[in-house]
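A.B. asks: model this:
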Amino acid sequence: MGRQAGFVHEDAVRSARDVFWHEGFDGASLAALQRATGLNASSLYHAFGSKRGLFDAAVEDYLEHVVRPGLVGFQVEHVAPGALEAYFRSAREILADPSGRAVPDGCLLVNTACSGLARDDGIAEAVRAYRAELLAAFFRGAAARYPDRPADEQLRLAETCVALLVSALVMTRVDTRSALAALDAALSYLD
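C.D. replies: Numbering: from 1, shown residues only. Predicted coordinates for the structure are as follows:
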């Protein structure tokens, strides 16, 4: 039975993650979370303690299954000189998906940072940690791309890339062209 509960738990978290990603924390009703997970309110509260507990699990799932797989190329011992370009080209391809199915809702954490929930210390820390993770990855990419430049220049490039990515992720919800322009700007900095 423990295996089945673990399987249901993972599926419930992933289904809830998608509701939170699309609707935001405040917009995700208990009824929508129940429909998505197939669990009743009692089961959700028993497993996660609260809607916020479910959201926290969804954020961790988002980091593990959506964000971090894209950063793998920056975590290897010898980061490829073209890792940053490859990352931004891939992001551009995803956001430019004409079906609109790829990332129509932007980024769960960026969206959360723009909501009232960001005033919560735990959420603010999760968003800061996410940004720091991106910055560390992009700094490794900048160092690999421009090994002869001073570290402060590499850091500025990494900071610029993070800012342009966040801009693209905010704009993808309302203006795909502007989102793509932000990614194009990042690619132009890497030339």
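A.B. asks: need the contact list for Glu64.
C.D. replies: Contact analysis of Glu64 by Cβ atoms under 8 Å, 6 or more residues apart in numbering lists nothing. For glycine as for every other residue, the C-beta is placed from the backbone atoms N, C-alpha and C.
A.B. asks: ok, so what distance separates it from Leu164?
C.D. replies: Distance of Glu64 to Leu164, given as Cβ to Cβ, to the nearest Å: 24 Å.
A.B. asks: domains of this structure?
C.D. replies: Split into domains by automatic domain parsing, the chain comes to 1-55, 76-189.
A.B. asks: show me where this protein has helices.
C.D. replies: For the chain, the helices defined by DSSP state H occupy 2-27, 30-37, 41-48, 51-62, 68-71, 83-95, 108-113, 121-145, 151-171, 176-189.
A.B. asks: list of residues touching stretch 169-178?
C.D. replies: Leu95, Ala96, Val103, Pro104, Asp105, Gly106, Cys107, Val110, Asn111, Cys114, Ala179, Ala182.
A.B. asks: now stretch 21-37
C.D. replies: The contact list for stretch 21-37 (Cβ under 8 Å, 6+ apart) reads 11-12, 15-16, 18-20, 40-41, 44, 51-52, 54-55, 58, 62, 105, 108, 111-112, 115-117.
A.B. asks: could I get the CA-only coordinates of that stretch as CSV?
C.D. replies: C-alpha atoms of stretch 21-37 as CSV (Å, rounded to 0.1, in the frame of the first residue of the first chain):
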residue,chain,number,x,y,z
TRP,A,21,1.0,27.2,-12.6
HIS,A,22,-2.1,28.1,-14.6
GLU,A,23,-4.2,29.8,-12.0
GLY,A,24,-1.8,31.0,-9.3
PHE,A,25,-2.1,30.2,-5.7
ASP,A,26,-5.0,32.5,-5.0
GLY,A,27,-6.9,31.5,-8.2
ALA,A,28,-6.5,27.7,-7.6
SER,A,29,-9.7,26.8,-5.9
LEU,A,30,-10.0,23.7,-3.8
ALA,A,31,-12.6,22.3,-6.2
ALA,A,32,-10.1,22.8,-9.1
LEU,A,33,-7.4,21.1,-7.1
GLN,A,34,-9.7,18.2,-6.3
ARG,A,35,-10.7,17.7,-9.9
ALA,A,36,-7.1,17.8,-11.1
THR,A,37,-5.8,15.4,-8.5
